[in-house]
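>>> Structure for this input, please:
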Amino acid sequence: MSEKLTGSGIGKYILRVAWAAHRGAAETTGAEAEVFMQKLLPLEAFVMVDKQPDVILFMSGGSERSAIELADPERPVLLLSIMGNNAYAAATEVMAWMVSHNRIAILPGASDLTGSGLLERWGRAAGVWESLKGKRAGLIGTVSEWLVASDVSAETLGHRFGVNLAGIPWAGLPDYGKEEPDKALLSRLSGQRSAGLDDAARVLTLLRRVISDNGLSAVGVECFSLVQERKVTACLALAQLNAEGTVAACEGDLVSMAGMMAGHEATGIVPWMANTTRLTEKTLILSHCTIAFDLVSDIKLPTHFETGNFLAIDGQMTATEVTIFRFSASLDMVFIAEGRVAGRPRLPDACRTQVEIELPANKLKILREKPLGNHLLVLPGSHSALLELACRYRGIRVVE
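Down below sits the predicted model:
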């Protein structure tokens, strides 16, 4: 069975490593393979196995058929080799077999092993999908009608991400107005004197109950009906949940919810779901009213942009380097880009929290010509290498 280490809040997957050599290999080959791996990874980061490996270490030529027998058809594999002894030649032959049989494998060069972080990223990539497997998400209400490229079927979510989806109609839930205001939210915003704050905190109390009663790790909330009918938003509730590490997407956007779950498992941070507001020759402007509290400073609580009702979040994003990504509705493609925050605009015709990001020209071109949808997900920091490897691990194509 696979295991996980815990420490920093991110599950650390323990890599399963098998070795392959020619049939006449010395009895000491297995011990030599383990010593080789100890030079690349800490002892607690891997375990030597003889089945279902995440990594196959080639110790010599003539090991091709034993490596193929070791490989699990349902498990992507990293093909490593020692220097010399025709080991890399054997790994190359097996990589060719993997490609011809539509199997997911990666063959790095010897120079990719030392100091590159590849093995650590491979373990984290495997851990993303292992962690998501069997998790339960809920759609409260429906996907907002304008999100024509952001609906994901329960079958697709289960097949691609291993997540089970439950539908939860608003009509079946208690009246939020009868709930007690959430103390954690009120405590966080104790310096604010905004009308509607107690009602926003009552919405959070209701969402917490739904999450607990249904055993959910994530929710997509169709919130506009709440705003229009009751004049209260879910913006603050979602921001608090995301800051606490419970994924909460607005507008019932299931594509964004799935991406936020994957991003959280990969990095320990719940991404910000934001509108593609404007594209210039060099920058992208994003905006939305539900950014997690821990991603911003100088928080203000104005009205919700589209409706003028209470309340939304207007904050200054604290990150300077960011990673932007977005999955397709079929969850088989992904857009990933790294950028630098160039400004924090105050556009009057956009959602409240806003950020302008410098992106490479080729990435801006994709957003103009081949976007996967309006909502993009933003992570503070540089995570593209990890996200790309995690997607490659799952057979998800990176749009280029």
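>>> Going by C-alpha atoms from here, please, whenever you check contacts or count neighbours.
Noted.
>>> Quick check: bridge partners of the residue nearest to Ala319 when sequence neighbours are not counted?
Closest residue to Ala319 apart from its sequence neighbours, by CA to CA, 6 or more residues apart in numbering: Pro380 at 5.4 Å. Bridge pairing for Pro380 (DSSP bridges) gives the partners Val322.
>>> got the contact list for Pro380?
295, 319-323 (CA atoms under 8 Å, 6 or more residues apart in numbering).
>>> can you check Leu41 too?
Residues near Leu41 by CA under 8 Å, 6+ apart: 119-120.
>>> Spell out the secondary structure type for it.
coil (DSSP: H, G, I helix; E, B strand; the rest coil).
>>> how far away is it from Ile82?
Remark: distance between Leu41 and Ile82 (CA to CA, to the nearest Å) = 15 Å.
>>> Scan the chain for its longest helix.
Assignment by DSSP state H gives helix 197-214 as the longest helix of the chain.
>>> who does it touch, helix- and strand-wise?
Other elements packing on helix 197-214 under the criterion 3 or more CA pairs under 8 Å, 6 or more residues apart in numbering; DSSP states H and E are helix 183-188, helix 235-244.
>>> and after that helix, which helix or strand comes next?
Downstream of helix 197-214, the first helix or strand assigned by DSSP states H and E is strand 218-221.
>>> For the next helix or strand after that following strand, list the C-alpha coordinates in PDB.
Downstream of strand 218-221, the next assigned helix or strand under DSSP H and E is helix 224-230. Extracted C-alpha coordinates of helix 224-230, given in PDB (Å, rounded to 0.1, in the frame of the first residue of the first chain):
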ATOM      1  CA  PHE A 224     -26.300  34.600  -7.900                       C
ATOM      2  CA  SER A 225     -29.800  33.300  -7.000                       C
ATOM      3  CA  LEU A 226     -28.900  33.900  -3.300                       C
ATOM      4  CA  VAL A 227     -27.800  37.500  -4.200                       C
ATOM      5  CA  GLN A 228     -30.800  38.200  -6.300                       C
ATOM      6  CA  GLU A 229     -33.400  36.700  -4.000                       C
ATOM      7  CA  ARG A 230     -32.000  37.600  -0.500                       C
END
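>>> Return the set of buried residues in stretch 142-152.
When burial is assessed from 16 or more other CA atoms under 10 Å, stretch 142-152 yields the following buried residues: 142-144, 147, 149-152.
>>> Tell me the one of the residues you listed nearest Ser100?
The shortest gap between Ser100 and any of the buried residues of stretch 142-152 belongs to Val152, at 30.4 Å (CA to CA).
>>> which SS class is that closest one?
Three-state assignment for Val152 (three-state DSSP): coil.
>>> next one: phi and psi at the closest residue to Ala105 other than its chain neighbours?
Of all residues not flanking Ala105 in the chain, Val77 sits nearest, at 4.9 Å (CA to CA, 6+ apart). Backbone torsions of Val77, given as degrees, to the nearest 10, read phi -140, psi 140.
>>> Confirm for me that Val77 is in contact with Pro53.
Yes. With contact defined as CA atoms under 8 Å, Val77 reaches Pro53; the gap is 6.9 Å.
>>> Quickly list what's touching both of the two.
Contacts common to Val77 and Pro53, judged by CA under 8 Å, 6+ apart, are Ala71.
>>> quick one, which of the two is more surrounded?
Using other CA atoms under 10 Å as the criterion, Val77 and Pro53 rank with Val77 on top: 26 against 22.
>>> Any regions of the stretch 101-250 of the chain where pLDDT drops low?
Applying pLDDT under 70 to the stretch 101-250 of the chain picks out residues 110-112, 114-115, 227-228, 231.
>>> Tell me where the chain has helices.
In the chain, helices defined by DSSP H lie at 29-38, 64-70, 87-100, 118-132, 154-161, 183-188, 197-214, 224-230, 235-244, 254-267, 361-369, 384-393, listed in chain order.
>>> From the chain's centroid, how far away is stretch 85-93?
In terms of CA atoms, centre = their mean, to the nearest Å, the gap separating the centre of stretch 85-93 from the centre of its chain is 34 Å.
>>> Find out how far stretch 55-75 is from the centre of the chain, if you would.
30 Å.
>>> now swap in stretch 285-301 and tell me
Centre-to-centre, stretch 285-301 and its host chain are 19 Å apart (CA atoms, centre = their mean).
>>> wait, isn't Asn374 in contact with Thr276?
Yes. Between Asn374 and Thr276 there is a contact under CA under 8 Å: 5.5 Å.
>>> Good, we can wrap up now.
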